[in-house]
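Asker: fold the following and give me the result.
(2 chains)
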Amino acid sequence: DQQVKQNSPSLSVQEGRISILNCDYTNSMFDYFLWYKKYPAEGPTFLISISSIKDKNEDGRFTVFLNKSAKHLSLHIVPSQPGDSAVYFCAAHFQGAQKLVFGQGTRLTINP
Amino acid sequence: DTAVSQTPKYLVTQMGNDKSIKCEQNLGHDTMYWYKQDSKKFLKIMFSYNNKELIINETVPNRFSPKSPDKAHLNLHINSLELGDSAVYFCASRAGPQQYFGPGTRLTVT
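Answerer: I've put the predicted structure just below:
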């Protein structure tokens, strides 16, 4: 039973434009949502997070939006840069259980 | 200065062998994890230790045995390796909801 889903396995965006990565979840007990970025042959690195009591969090070019009623979150990257090409994982944190549940990732490619 | 390190980075071995992967973190975190990333690229939690005590065991075959000699180290020993164990294994440590990952160990069982 997949509790966190990223339905787009890949996304291609032109440099300078906005990249929007989407994530859906099923469990209302998640209290934090996180986005990780992963380059080949490296471990995932933390990008940005949002508490379940917020609806937006912004950090430089990265903004995460949370729609609790729809159980949906999205990561916006603007403007997109070539170095943003990577696999992006959405993760949800279980309140009190100290564990993360990951989506299957979306491969983002930024084209020059 | 590496925060979470794993050794080896690559491991190729034959079915039936026993192997270990080591993990160390210098972040001072109390909680560490092992994840498996399979061929479908899902990152799935296997184990978690908090200050040397096992707190999460996600129905992993008992051929997998984690060991935490101290809170900075979490090793993974795998007995009687099978083809299906081929995957990338990531170690992580935790601060709040955020986890910090090692570079991964690619295990190939032939």
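
Asker: is the one helix or strand in chain A whose mean pLDDT sits lowest in proximity to chain B?
Answerer: Lowest by mean pLDDT, DSSP states H and E among the helices and strands of chain A is strand A:100-102, with a mean of 93. Yes - counting by CB under 8 Å from any CB of the partner chain, chain B is contacted by strand A:100-102 at A:100-102. Every residue, glycine included, has its C-beta placed from N, CA and C.

Asker: how many other residues sit next to the closest residue in space to A:Ser28 that isn't next to it in sequence?
Answerer: Leaving aside its sequence neighbours, A:Ser28 sits nearest to A:Lys71 (CB to CB, 6 or more residues apart in numbering or on different chains; 7.4 Å). A:Lys71 has 18 neighbours, counted by other CB atoms under 10 Å in any protein chain shown.

Asker: right, and A:Lys71 touches A:Asn22 too?
Answerer: No - counting by CB atoms under 8 Å, A:Lys71 sits too far from A:Asn22 to count as a contact (11.6 Å).

Asker: on that earlier part again, which one of the residues of strand A:100-102 next to chain B has the most neighbours?
Answerer: Neighbour max across the residues of strand A:100-102 next to chain B (other CB under 10 Å) = A:Leu100, 26 neighbours.

Asker: I'd say it and A:Ser49 touch.
Answerer: No - counting by CB under 8 Å, A:Ser49 is not a contact partner of A:Leu100; they are 10.6 Å apart.

Asker: give me the common contacts of the two.
Answerer: A:34, B:97 (CB atoms under 8 Å, 6 or more residues apart in numbering or on different chains).

Asker: on that earlier part again, quick one: residues contacting the residue nearest to A:Ser28.
Answerer: A:24-26, A:28.

Asker: for the residue in chain B that chain A sits nearest to, list each beta-bridge partner.
Answerer: For chain B and chain A, the shortest gap (CB to the nearest CB) falls at B:Phe101, measuring 3.4 Å. Beta-bridge pairing for B:Phe101 (DSSP bridges): B:Ala92.

Asker: what score does it have for pLDDT?
Answerer: On the pLDDT scale, B:Phe101 is placed at 97.

Asker: and A:His76, by the same measure?
Answerer: 98.

Asker: for beta bridges, what are the partners of the residue nearest in space to the middle of chain B?
Answerer: In chain B, the residue lying closest to the centroid (CA atoms, centre = their mean) is B:Trp34, at 3.5 Å. B:Trp34 has these beta-bridge partners by DSSP bridges: B:Phe47, B:Cys91.
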